[in-house]
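J.: Got a sequence here, can you model it:
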Amino acid sequence: MPSAQKPISSPFGYRSTAREVAAASDVKGKTIVVTGGYSGIGTETVRALAEAGAKVIVGARRPETAREVLEGMTGDIAILPLDLSDPASIDAFAEKLAEQTSTLDILINNAAIMASPLMRDSRGYEMQFATNHLGHFQLTQRLWPMLKAAAKGGGSPRVVTVSSVGHRLNGLDLDDPNWETREYEKWPAYGQAKSANALFALQLDTLGEAHGIRSFAVHPGGIATPLQRHLTMEEQVAMGWYDDEGNVHEAFKSTEEGAATSVWAATSPLLDGMGGVYCEDCNIGAMATEETPRGSGVSPHIRDEGLAKGLWAKSEELIGIKFAA
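T.: Sure, this is the predicted structure:
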């Protein structure tokens, strides 16, 4: 069953870096998939894990750009095309990965889009929900046999899904997840997608524990990255992310710091035997109260096991695939 949603004793924190976290864990020889591992915190996630001795496969919507960004990095890094909004691309990625390995130790569902204008994929699904959640749901389903094979071989596979404190904006509407009957709003759509990421991690852990596979959700923190590509500078100044001179808020993390919690959730021995929790600042996040700052904390709706089951069923319906975990 999912672990308690309360902090534990961790030697790392808000300003820890992905490299520092990776150095404290043994990932040598492990096979790790990182989606979107060539932009923002994804780049630093890949760098830290590859330098620590893991074989890292990067799922990239723009493979040529990924090669340019990752060229010269230390370690064993491979790049495979992956467009999370395209079901055929997800299937092709899984097939190509299966040609390279029969086992997968860690899957980091990192790629995302944020606060985009209304866009729809080829199925008509709203793009934030389709990319951030449904794409990773299908990818995890396709890679599940490799995760199970790693567990049967004596490993302890983990799936880490990058959520966000954006989940605190709102929950999700399972009757209209693709904004077909509501007027589209980019921030509530983002909050819905990030809530879905956390609920997916919760239900995945519930189903995966019996197979020796554990699942975690992660809030990386506030970081200035290309994730903000759909926002104007005026919007970001109004939200307090930048000042009028264009200087980023002092509370923002660097990309190296932002990648730390993903690496911690994927590798920390402190989480052995645990799962189903939402992590932030290299620790298990605390439940939010009325006094909790809006930039942290866990809202009750992403701990709702009934809602997690409902999202799972809706996701299977939308992608037309049963996830036989």
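J.: so what does the helix or strand that contains Gln141 touch, helix or strand wise?
T.: Per DSSP states H and E: Gln141 is located in helix 135-152. Judged by 3 or more CB pairs under 8 Å, 6 or more residues apart in numbering; DSSP states H and E, helix 135-152 is in contact with strand 31-35, helix 87-100, strand 106-109, strand 158-162, helix 186-208, helix 305-319. C-beta coordinates here come from the backbone N, C-alpha and C atoms, glycine included.
J.: closest one to Leu134 among the ones you listed?
T.: Among the helices and strands packed on helix 135-152, the nearest to Leu134 by CB to CB is helix 305-319 (5.9 Å).
J.: Tell me what angle that closest one forms with helix 135-152.
T.: Comparing the axes of helix 305-319 and helix 135-152 via axes from the mean of the first three to the mean of the last three CA atoms, to 10 degrees yields an angle of 110 degrees.
J.: Contacts for helix 305-319 next, please.
T.: The contact list for helix 305-319 (CB atoms under 8 Å, 6 or more residues apart in numbering) reads 2, 87, 123, 125, 133-134, 137-138, 171-172, 174, 177, 196, 199-200, 202-203, 206, 301, 322-323.
J.: Give the buried subset of the residues you listed as a ChimeraX selection command.
T.: To isolate the buried members of the contacts of helix 305-319 in ChimeraX, using 16 or more other CB atoms under 10 Å:
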select :2,87,125,133,134,137,138,171,172,177,196,199,200,202,203,206,301,323
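J.: the strands in the stretch 151-300 of the chain, which residues?
T.: 158-162, 214-219, 278-280, 283-284 (DSSP state E, counting those that start in this stretch).
J.: who's in contact with the helix-or-strand element of the chain with minimal mean pLDDT?
T.: Ranking every helix and strand in the chain by mean pLDDT, DSSP states H and E puts helix 233-238 at the bottom, with a mean of 72. Defining contact as CB under 8 Å, 6+ apart, one finds that helix 233-238 is touched by 228, 242-244, 246.
J.: and the strands of the stretch 151-300 of the chain as a markdown table, adding mean pLDDT?
T.: Shown next, in a markdown table, are the strands of the stretch 151-300 of the chain (pLDDT from 0 to 100):
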| stretch | mean pLDDT |
| --- | --- |
| strand 158-162 | 98 |
| strand 214-219 | 98 |
| strand 278-280 | 98 |
| strand 283-284 | 98 |
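J.: got those strands as a markdown table, with distance to Trp144 columns?
T.: A markdown table is the format used below for those (distance: least, CB to CB, whole Å):
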| stretch | distance to Trp144 |
| --- | --- |
| strand 158-162 | 9 |
| strand 214-219 | 11 |
| strand 278-280 | 22 |
| strand 283-284 | 25 |
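J.: Distance to Ala98 and mean neighbour count for the ones you listed - can I get that in a markdown table?
T.: Putting those into a markdown table (distance: least, CB to CB, whole Å; neighbours: other CB atoms under 10 Å) gives the following:
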| stretch | distance to Ala98 | mean neighbour count |
| --- | --- | --- |
| strand 158-162 | 17 | 28 |
| strand 214-219 | 21 | 29 |
| strand 278-280 | 29 | 26 |
| strand 283-284 | 33 | 22 |
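J.: Would you tell me which of these gets closest to Leu147?
T.: The minimum distance between Leu147 and the strands of the stretch 151-300 of the chain falls on strand 158-162, with 7.0 Å, by CB to CB.
J.: Show me what the closest one is packed against.
T.: Contact analysis of strand 158-162 by 3+ CB pairs under 8 Å, 6+ apart lists strand 106-109, helix 135-152, helix 186-208, strand 214-219, helix 260-267 as its packing neighbours.
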